[in-house]
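>>> Got a sequence here, can you build the structure:
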Amino acid sequence: MPPTMTGLPRSEGLSRCSTEAKNASRSRCMIDAVDRMRPLSLPPPTPPSSTPRPLDLGDPQAVPGRCRRRFATTSVDGMTQTPSLFVAHDASDLINSLPTLFGFRPDESIVAVATTGERRRFGFRLRADIPSPELVDAEAARIVGHLRANGAEGAILVAVTRRQEVALDLLDAIHAELDESGDIELVVRVRADGERYWTDSLGSPAAGVAYETSDHHLAIVQAVAAGQQILPDRESLVDRFAAVTGERRRWLERATDEIVAEVVPMVARTWPDQVAAVGLTVVDPILDRALAGCRISDADLIRLAACVSSIDVRDAVWARITRETADDMLRVLTVVSGSVVPPFEPAVLSLTAFAAWLTGDGAQALVAVERALRADPAYSMARLVLEILEQGVSPAHWTAFVDAGADSLSDDG
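The predicted structure follows:
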């Protein structure tokens, strides 16, 4: 069997990091995956004798986390309008479009995008850290495994790093994996160091081609105009879900103590089989106001966090997160995550991570679930979401799972 990231045999053929590898270096095992079906595409292949066509990249939909509702299309006089396409004329345009795929500018990263159809519509995409040289082959196999699991017909590869020798080895290894499998076409591969890029195109200069990245590039301008927030780097995304600190944390801790003193007697007077119903009398009105765009007080944010610490209440809220509601639920839960303090972090962050995954935003899901697991490494819902992310499971499978009438997936929190 092919090696895992530690050189140990894979378990039942699953393309994931072993426990030993996770303990040794969890950051190397993490992939930021996105599965939003946006109007992003490439043109059909051009015969070699023709002039190469530009790359068509669609205008991305907005990401959650802001205060207004998101719409994928606009309606004028009852007619639905398709978002305009951004046309990438060269690899520089493709590199500049990367922040619109993840909501932040990737650096020291390998990006793989799955394409489908004649126009090579963009679907699932992932970002991973550039691995150390000895892990290149294992990382290549893992990336191709995720692409295959998400139905890729073609693959676009972009490596952005100062470590160009490793980038070249990694792209070669992924290319070899794709050639060996024969079921995924390599559409284009690009490596860039922040100043110059290299492609495999005939006549491409060995010294590379100079390029610049800009926050005013048309791809980003169109994305921001559509409502997407573009962060400068992944660390900024981590900061979005970071625990509150300083004087505000101390204030929230005192307020949490007061809310707990209010909630505990209510729970104590409730029969066990009625805890969810009673808890939802508190949670549902808060959620409904937040989903409607109303500002929620700190006290209500704390009440929500305290109530969902009950597994029964949490599972009832979990059931409200569907493909249709996930964007708005993520927006609300991200706000709650910014105010929650111990001991109520695991449930809130796990729900947030699940909502992010269900929108197709694995990057936000991963950041949120990592905070949940730092608070409680044994929290079962967080471990489930992490397993889903590590396996590269598409959110589309969740709908089928729910439709099949599956029971609750957690029993001990």
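>>> ok, the residue nearest to residue 211 when sequence neighbours are not counted - how many residues close by?
In this structure, residue 211 finds its nearest non-sequential neighbour in residue 92, 3.8 Å apart by CB to CB, 6 or more residues apart in numbering. Yep, even glycine has a C-beta here, placed from its N, CA and C like the rest. Per other CB atoms under 10 Å, the neighbour tally for residue 92 reads 18.
>>> could you say which helix or strand contains residue 92?
Take DSSP states H and E as the rule and residue 92 turns out to sit in helix 91-102.
>>> next helix or strand past that helix?
Downstream of helix 91-102 (by DSSP H and E), the next one is strand 109-116.
>>> What strands flank that next one, and is each parallel or antiparallel?
Strand 109-116 has the following strand partners under DSSP bridges: strand 121-129 (antiparallel), strand 154-160 (antiparallel).
>>> looking at those, which one has the lowest mean pLDDT?
The minimum mean pLDDT among those belongs to strand 121-129 (a mean of 87).
>>> From residue 221, how far off is the residue nearest to residue 211?
15 Å (CB to CB, to the nearest Å).
>>> The strands paired with strand 109-116: which one's closest to residue 366?
strand 121-129 (10.2 Å; CB to CB).
>>> List the buried residues of the closest one.
121, 122, 123, 124, 125, 126, 127, 128, 129 (16 or more other CB atoms under 10 Å).
>>> I'd assumed residue 153 was in contact with the third one.
Right, residue 123. No - counting by CB atoms under 8 Å, residue 123 sits too far from residue 153 to count as a contact (9.2 Å).
>>> so what sits against both of these two?
Residues touching both residue 123 and residue 153 (CB atoms under 8 Å, 6 or more residues apart in numbering): 114, 115, 116.
>>> burial measure for the second one, as a count.
Applying the criterion other CB under 10 Å, we find 24 residues in the vicinity of residue 115.
>>> And for the last one?
Other residues near residue 116 number 17, with proximity taken as other CB under 10 Å.
>>> cool, and residue 291?
15.
>>> Residue 169 too?
With other CB under 10 Å as criterion, residue 169 counts 17.
>>> Kindly report the same for residue 90.
16.
>>> Find the centremost residue of this protein, please.
residue 362 (1.9 Å; CA atoms, centre = their mean).
>>> and residue 188, that's in a strand?
Yes - counting by DSSP: H, G, I helix; E, B strand; the rest coil, residue 188 falls inside a strand.
>>> Quick check, pLDDT for it.
91.
>>> try the one 10 residues further on
At residue 198, the model reports a pLDDT of 94.
>>> How far away from the center of its chain is the helix or strand hosting it?
Taking DSSP H and E as the criterion, residue 198 maps to strand 196-199. Relative to the centre of its chain, strand 196-199 is centred 27 Å away, using CA atoms, centre = their mean, to the nearest Å.
>>> Ok, stretch 254-267 next?
On CA atoms, centre = their mean, the centre of stretch 254-267 falls 34 Å from the chain's centre.
>>> cool, stretch 275-286 as well?
Centre to centre, stretch against its chain (CA atoms, centre = their mean), the figure for stretch 275-286 is 29 Å.
>>> Next: stretch 295-310.
Counting by CA atoms, centre = their mean, stretch 295-310 comes out at 25 Å from the chain centroid.
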